[in-house]
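Enquirer: my questions are about this predicted structure, shown below with the sequence.
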Amino acid sequence: VQLVESGGGLVQPGGSLRLSCAASDFDLESYSICWFRQAPGKEREGVSCFKKADGKTYYKDSVKGRFTMSRDNAKKNLVYLEMNSLKLEDTAVYYCAAEKSSYSVYYYFTQGMEHWGKGTLVTVSS
C-alpha cells in the first residue's frame, strides 16, 4: 500500500497549485481520503476529506472556497487538491492519507488515518 503526493512547489500569493495523490496496490474508491498539512513549527492539521460513508467532501474553514478536492474519474486511484488564491499561511508540507474504516471527519483530522504518503512541499512566497 503506497500513497505518493506530487505537484508541490513555489507559488506567489494569490496563485494556484494542483496537488495529486496516487495510490498503488489498493483501490482508493474503497477508502476515505483526506489531505493534511503541516507548517514549520506547527502541528499537523486536516485540510479536506472525502468521507466514503456519505460520499461528501469536507473542508477546513480557512480553505473553503479556495481549495477543491476531487477524484480522477478515469484514473480511479488518483485524487487531487486544487488550491487557488493561495496565502502565505498555506505554506506547509501537504500529505494525503487513506482509511478503509469509517469514522467521522473529526476523528480522521485528530487521530489520523491508516495509510500516509510522504508529502509534498508547498511554499507560498513573494
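Expert: Right, received. Where do you want to start? Residues are numbered from 1 along each chain as shown.
Enquirer: CA only for contacts and neighbour counts going forward, please
Expert: Fine.
Enquirer: look at the spatially most central residue of the chain and tell me its secondary structure.
Expert: Against the mean C-alpha coordinate of the chain, by Cα atoms, centre = their mean, the closest residue is Trp35 at 2.0 Å. The local conformation at Trp35, judged by DSSP: H, G, I helix; E, B strand; the rest coil, is strand.
Enquirer: how close does it get to Arg71?
Expert: 13 Å (Cα to Cα, to the nearest Å).
Enquirer: which residues of this protein fall in strands?
Expert: 2-6, 9-11, 17-24, 32-38, 45-51, 56-59, 67-71, 78-83, 92-99, 115-116, 120-124 (DSSP state E).
Enquirer: need those in CSV (columns: mean pLDDT).
Expert: As requested, the strands of the chain are arranged in CSV below (pLDDT from 0 to 100):
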stretch, mean pLDDT
strand 2-6, 95
strand 9-11, 98
strand 17-24, 95
strand 32-38, 97
strand 45-51, 97
strand 56-59, 96
strand 67-71, 95
strand 78-83, 96
strand 92-99, 97
strand 115-116, 96
strand 120-124, 98
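Enquirer: just so I know, which of those lies nearest Phe109?
Expert: Of all these, the one in closest proximity to Phe109, counting by Cα to Cα, is strand 45-51 (4.9 Å).
Enquirer: so how far is that closest one from its chain's centroid?
Expert: Between the mean C-alpha location of strand 45-51 and the chain-wide mean there is a distance of 6 Å, by Cα atoms, centre = their mean, to the nearest Å.
Enquirer: same deal with stretch 42-57?
Expert: 8 Å.
Enquirer: show me what it is in contact with.
Expert: Stretch 42-57 is contacted by residues 29-38, 58-60, 63, 69, 102, 104-105, 108-110 when judged by Cα atoms under 8 Å, 6 or more residues apart in numbering.
Enquirer: swap in 6 Å and give it another go.
Expert: Ser32, Ile33, Cys34, Trp35, Phe36, Arg37, Gln38, Tyr58, Tyr59, Lys60, Phe109 (Cα atoms under 6 Å, 6 or more residues apart in numbering).
Enquirer: of the residues you listed, closest to Gln2?
Expert: Using Cα to Cα, those come closest to Gln2 at Ile33, 13.1 Å.
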